[in-house]
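1. dropping a prediction and its sequence here:
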Amino acid sequence: MQLLRKTTDWDFLGKRRIGFAVSGLLLVISLISLGLRGLALGIDFRGGTVVEVGYSETADLGQIRGALTGAGYTEAVVQHFGTARDVMIRLAPQDEMNTSELSNRVMDLLRQAAPGSQVEMRRVEFVGPQVGEELTEDGALAMLFTLIAILIYVALRFEWRFSLGSVVALVHDVLITLGFFSVTGLEFDLTVLAAVLAIIGYSLNDTIVIFDRIRENFRKMRKGHAEQVMNVSVNQTLSRTMMTSGTTLLVLFALFFLGGEIIHNFAIALIVGIVIGTYSSIYVASPVALILGVSRADLLKQPVQKEGEGAVDVRP
């Protein structure tokens, strides 16, 4: 245990049953909520109307949101585009009025909310539900292909047991993040989908760092069984994992509190994903590989056998 003199000495792998119990509980809650409630899909997935307007002065987004909310458009998304005087408004589908009537109604509300400013309509566009269905399907396929590519990559770089462990951890992270949005009822739009894909990349990177250290220690440490070697590896990379996660979370909390309403759910998704991804790298990915029976022999170089001779043991 000399390698642990400057590192922690926590028995992570020995507590894997507790970790699996926590993960199992969170996954059950997430799956039940997703099955019963689903996700509160945003306009990107459900379709709706996009209205672009221009102001003669700097537009007050809070004032615009207040006017729309007061008129019953509680799901309206308001944001700047281009300059501070250009505003894009996305509205959920309205069964009782067509696009022209809806845009005229919105323009009346905006002019009443800002009587001292000239408001001009730039563009009105209707996004049909079919486009939303295509985005939903493409998003699901993007995550599926990402997981398949990761499975192949890790299997080629390490070993198939590590590959399965990493994919199980990534599926774990995605499902719990989606479950969080389902339980809380937060809107799930394209920015949140982008955050989920970013979570996959972050969690995989964290897992690969630990797997690299496990492989290195399997070759260096001639004594100790697989669980001991993996515990040493997780402890040696723990400070790096905590520093990376901590600095990333600092940025995300800044985005959450200061980034505005448009980026709010994006920041929440990443905060949840980073926390869950850090947890799964330690308590899901490595324990799954251990349960599947990974050993030192699986990561050592194979012996070279010359013609007419017995096997020659080539140590790495």
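-> Structure's in. What do you need?
2. OK, contacts around residue 77?
-> Contacts for residue 77 were tallied using CB atoms under 8 Å, 6 or more residues apart in numbering; they are 42-43, 89-90, 262. Quick note: C-beta positions are derived from backbone N, CA and C, even for glycine.
3. switch the cut-off to 10 Å
-> 42-44, 48, 50, 65, 68, 88-92, 187, 189, 261-262 (CB atoms under 10 Å, 6 or more residues apart in numbering).
4. kindly report the same for residue 177.
-> 30, 192, 195-196, 199-200, 268-277.
5. and what of residue 198?
-> So residue 198 contacts 266, 269-270, 273-274 (CB under 10 Å, 6+ apart).
6. most widely separated two among those residues?
-> Greatest spacing in these, by CB to CB: 266 and 274 (12.6 Å).
7. what do these two both touch?
-> By CB under 10 Å, 6+ apart, the residues touching both residue 266 and residue 274 are 198, 252.
8. biggest helix in the chain by residues?
-> When the chain is parsed with DSSP state H, its longest helix is helix 226-258.
9. show me what that one is packed up against.
-> helix 190-220, helix 264-280, helix 286-291, helix 296-299 (3 or more CB pairs under 10 Å, 6 or more residues apart in numbering; DSSP states H and E).
10. returning to that earlier point: now, which of the contacts of residue 177 sits nearest residue 152?
-> Using CB to CB, those come closest to residue 152 at residue 200, 14.6 Å.
11. how much space separates the closest one from residue 207?
-> Distance of residue 200 to residue 207, computed by CB to CB, to the nearest Å: 11 Å.
12. quick revisit: angle of the longest helix of the chain against helix 190-220?
-> Put simply, helix 226-258 runs at 150 degrees to helix 190-220, going by axes from the mean of the first three to the mean of the last three CA atoms, to 10 degrees.
13. what comes up buried for helix 226-258?
-> Using 16 or more other CB atoms under 10 Å as the test for burial, helix 226-258 gives 226-238, 241, 244-245, 248-249, 252, 255-256.
14. next one: stretch 158-168
-> Neighbour count says stretch 158-168 has 158-159, 161-168 buried, by 16+ other CB under 10 Å.
15. what's the answer for stretch 212-230, then?
-> By neighbour count on 16+ other CB under 10 Å, the buried set for stretch 212-230 is 213-215, 217-218, 221, 226-230.
16. and that stretch, how far out from the chain's middle?
-> How far stretch 212-230 lies from its chain's middle: 30 Å, per CA atoms, centre = their mean, to the nearest Å.
17. quick one: end-to-end length of it, please.
-> Start to finish, the residues bounding stretch 212-230 are 11 Å apart (CA to CA, to the nearest Å).
18. one more: stretch 281-288?
-> This stretch, stretch 281-288, spans 10 Å end to end (CA to CA).
19. how far is that stretch from where the chain is centred?
-> Distance of stretch 281-288 from the chain centroid (CA atoms, centre = their mean) equals 18 Å.
20. on that earlier part again, mutual contacts of residue 200 and residue 207, please.
-> With CB under 10 Å, 6+ apart, residue 200 and residue 207 have common neighbours 150, 169-170, 277.
21. lowest-confidence one in those residues?
-> Within these, residue 150 has the lowest pLDDT, namely 78.
22. quick one on the thing from earlier: list buried residues within the contacts of residue 177.
-> Buried members of the contacts of residue 177, counted by 16+ other CB under 10 Å: 30, 192, 195-196, 199-200, 268-274, 276-277.
23. looking at the residues you listed, which one is closest to residue 179?
-> Residue 179 has its nearest neighbour among the buried ones among the contacts of residue 177 in residue 30, at 2.2 Å by CB to CB.
24. assess the claim that the closest one and residue 183 are in contact.
-> Yes: in this structure, residue 30 is within contact of residue 183 by CB atoms under 10 Å, at 7.5 Å.
25. returning to that earlier point: any idea which of the contacts of residue 177 is least confident?
-> Within those, residue 200 has the lowest pLDDT, namely 87.
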